[in-house]
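In: turn this into a model:
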Amino acid sequence: LTLATTLLPPPQCQHSCPSPTVTTLNQFTIQELFRQKHPSPHSFQNAVSHLTSLCIAPPLHQHQYQQTTHNKNDTSLLSSSTSKWYIATAPARIDLAGGWTDTPPVCYEYGGKVATLAVTVNNRKPLSCRTRILKQPKIRLLTEARDFNGTLLESELCEVFTVSCFSNYNDPTAPCALLKCALLYLGLCPFPKHGDSSSIQPYLKQFCHGFEHNQDCGLEIISTSLLPKGSGMGSSSILAGCILRSIADCVGVALDNETIVDDVLILEQMLSCGGGWQDQLGGLMGGCNLGRSDVGVFPLKVPVKRIPLSERLHQLLNERIVLVFSGVTRLAKGILQQVLKRWALRKTEIVTTVQNLVQGAEAVSDTFLNEATMEDDEFLEKLAMSLNDYWSYKKVMAGEGSG
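Out: Numbers count the residues shown, from 1 in each chain. Coordinates of the predicted model:
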């Protein structure tokens, strides 16, 4: 592994989202949950997901994105069968301390801090998305899993002609569900109603603004991961950020790099897979960072403290960080259910562990910030001790049998 410090391309302009009021929280969901003597993991997850979606953002139909100005009479993008690709790439991330405290509702009820480090793998950014405008009146979605030699390992193709094709956007197992969520989040069309067979083409013309005349248009979006599923390096969340950036740049939607961590968090709630903010923070911001979410703040805000890496420290870490894949995959959604159940019980062991996780993130941040005062061995020893503690805390949070 090598450290990655490159940010995604700078935004063209900013967008803003209206803030919700806390009074809109639907208490009925959580009340019904606690009336059940033995609530199922599924019902608990649904309750948390519903409350989280209201806490992190206003109702999704309220999101209004500005679009950058194009000459609406300019059809140069459609002068050939395909237009140019808009590509977004990103590194993976490793979390150094604090993981699980970024996950709702823990980050609301206690507050969270996570220290992350962006890394390339085999000197490559392993996550990417590319988007282009087509002449054909359709949306062509493709997800790819490749190895580092470029060999295609697995792919899913989905072609969209009607609004109803988006009806399974919130099913993480559906083909190209993440790509569908990104298009809906950026405002391609209204959220689909059951049985809506209307053509996607009128929405496409408006979405790819500048092509409002009789000429049809389409989109091709391809997401690619060079990491195995369940690698534990934040691939799905970081890939979501690449997808949002690539589509937004292609069609002229203004997406702010400063809020992309929040955008991905909302997107994952749409996808119903839950999750927190540390993955996208670590992979999309670049370098070493300490993210924070304060207790009781709605909607969720994640201030980021950038931790500068000296040339000496950069070299020291690059010489010693090695990626070893055990072959055992751990999908975040499965472990997340276990963590949320254990947090809900509020046992002393769990509350203490959350406190230790937050303090551990602060300790790692201090170690990096004070590295100039230490010899190499002293710095590495402190970092190693923090990582060992972190591993122990994460096993406590996930419980026995979590892998």
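
In: show me the contacts for the spatially closest residue to A361 that is not a sequence neighbour.
Out: Once its chain neighbours are removed from consideration, A361 has its nearest residue in G98; the separation is 3.2 Å (C-beta to C-beta, 6 or more residues apart in numbering). The C-beta positions use only the backbone N, C-alpha and C, and glycine is treated the same way. Listed by C-beta atoms under 8 Å, 6 or more residues apart in numbering, the contact set of G98 reads 112-115, 278, 357-358, 360-361, 364, 390.

In: show the pLDDT at G98.
Out: On the pLDDT scale, G98 is placed at 97.

In: distance of it from P105?
Out: Counting by C-beta to C-beta, to the nearest Å, the gap from G98 to P105 is 16 Å.

In: for A363, what are its contacts?
Out: A363 makes contacts with 97, 386, as judged by C-beta under 8 Å, 6+ apart.

In: redo that, cut-off 10 Å
Out: Residues counted as contacts of A363 (C-beta atoms under 10 Å, 6 or more residues apart in numbering) are 96-98, 115, 356, 382-383, 385-386, 389-390.

In: what do you get for Q359?
Out: Each residue near Q359 by C-beta under 10 Å, 6+ apart is listed here: 97-98, 113, 389, 393.

In: return the member of those residues nearest to E144.
Out: G98 (31.7 Å; C-beta to C-beta).

In: what separation do you get for the closest one and L387?
Out: Counting by C-beta to C-beta, the gap between G98 and L387 amounts to 12 Å.

In: hey, what's in contact with both of these two?
Out: Common contact partners of G98 and L387 (C-beta under 10 Å, 6+ apart): 360, 364.

In: would you point out which residue is most central in this protein?
Out: If you average the C-alpha coordinates of the chain and look for the closest C-alpha using C-alpha atoms, centre = their mean, you land on S237, 2.7 Å from that point.

In: how far does stretch 224-238 sit from its chain's centre?
Out: For stretch 224-238, the distance between its averaged C-alpha position and the chain's averaged C-alpha position is 11 Å (C-alpha atoms, centre = their mean, to the nearest Å).

In: could you do stretch 270-289 as well?
Out: Its chain's C-alpha centre and that of stretch 270-289 lie 4 Å apart, by C-alpha atoms, centre = their mean.

In: start and end of that stretch, how far apart?
Out: Chord length of stretch 270-289, first to last residue, is 26 Å (C-alpha to C-alpha, to the nearest Å).

In: ok, now stretch 208-219?
Out: Stretch 208-219 has its terminal residues 9 Å apart, counting by C-alpha to C-alpha.

In: give the rounded mean pLDDT of it.
Out: Per-residue pLDDT values across stretch 208-219 average out to 73.

In: do stretch 242-252 as well
Out: Across stretch 242-252, the average pLDDT comes to 95.

In: extract the C-alpha set from that stretch and format it as PDB.
Out: The C-alpha trace of stretch 242-252 is given here as PDB (Å, rounded to 0.1, in the frame of the first residue of the first chain):
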ATOM      1  CA  CYS A 242     -16.900   8.500  -7.600                       C
ATOM      2  CA  ILE A 243     -20.300   7.700  -9.200                       C
ATOM      3  CA  LEU A 244     -21.800  11.000  -7.900                       C
ATOM      4  CA  ARG A 245     -18.800  13.000  -9.000                       C
ATOM      5  CA  SER A 246     -18.700  11.400 -12.500                       C
ATOM      6  CA  ILE A 247     -22.400  11.800 -13.300                       C
ATOM      7  CA  ALA A 248     -22.500  15.300 -11.900                       C
ATOM      8  CA  ASP A 249     -19.600  16.500 -13.900                       C
ATOM      9  CA  CYS A 250     -21.000  14.900 -17.100                       C
ATOM     10  CA  VAL A 251     -24.400  16.500 -16.900                       C
ATOM     11  CA  GLY A 252     -23.400  19.800 -15.300                       C
END
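
In: would you turn the contacts of Q359 into CSV with distance to P308?
Out: Below are these laid out as CSV (distance: C-beta to C-beta, whole Å):
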residue, distance to P308
A97, 18
G98, 19
K113, 18
D389, 24
Y393, 26
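
In: quick one: the residues you listed as CSV, columns for distance to C250 and secondary structure too.
Out: Supplementary listing: those in CSV, determined by distance: C-beta to C-beta, whole Å; DSSP: H, G, I helix; E, B strand; the rest coil:
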residue, distance to C250, secondary structure
A97, 37, strand
G98, 35, coil
K113, 35, strand
D389, 44, helix
Y393, 42, helix
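
In: got a winner among these for most neighbours?
Out: When neighbours are counted as other C-beta atoms under 10 Å, the busiest of these turns out to be G98, with 30 neighbours.

In: rewinding a little: kindly indicate the member of the contacts of G98 with the most neighbours.
Out: For these, the largest number of neighbours (other C-beta under 10 Å) sits with V114, at 32 neighbours.

In: gap between the residue lying closest to that one once chain neighbours are set aside and Y110?
Out: Once flanking residues are discounted, V114 sits nearest to G98: 3.7 Å by C-beta to C-beta, 6+ apart. Summarising the geometry, the distance separating G98 from Y110, computed by C-beta to C-beta, is 12 Å.

In: where does pLDDT dip in the stretch 151-300 of the chain?
Out: Flagging of the stretch 151-300 of the chain using pLDDT under 70 yields the residue ranges 210-214.

In: how about the helices in it?
Out: Counting by DSSP state H, counting those that start in this stretch, one finds helices in the stretch 151-300 of the chain at the ranges 177-185, 201-207, 235-251, 260-270, 278-284.

In: what angle sits between the third one and helix 260-270?
Out: It refers to helix 235-251. Helix 235-251 and helix 260-270 meet at an angle of 110 degrees, taking axes from the mean of the first three to the mean of the last three C-alpha atoms, to 10 degrees as the criterion.

In: what about stretch 338-352, distance to the chain center?
Out: Here stretch 338-352 shows a centroid-to-chain-centroid distance of 24 Å under the convention C-alpha atoms, centre = their mean.
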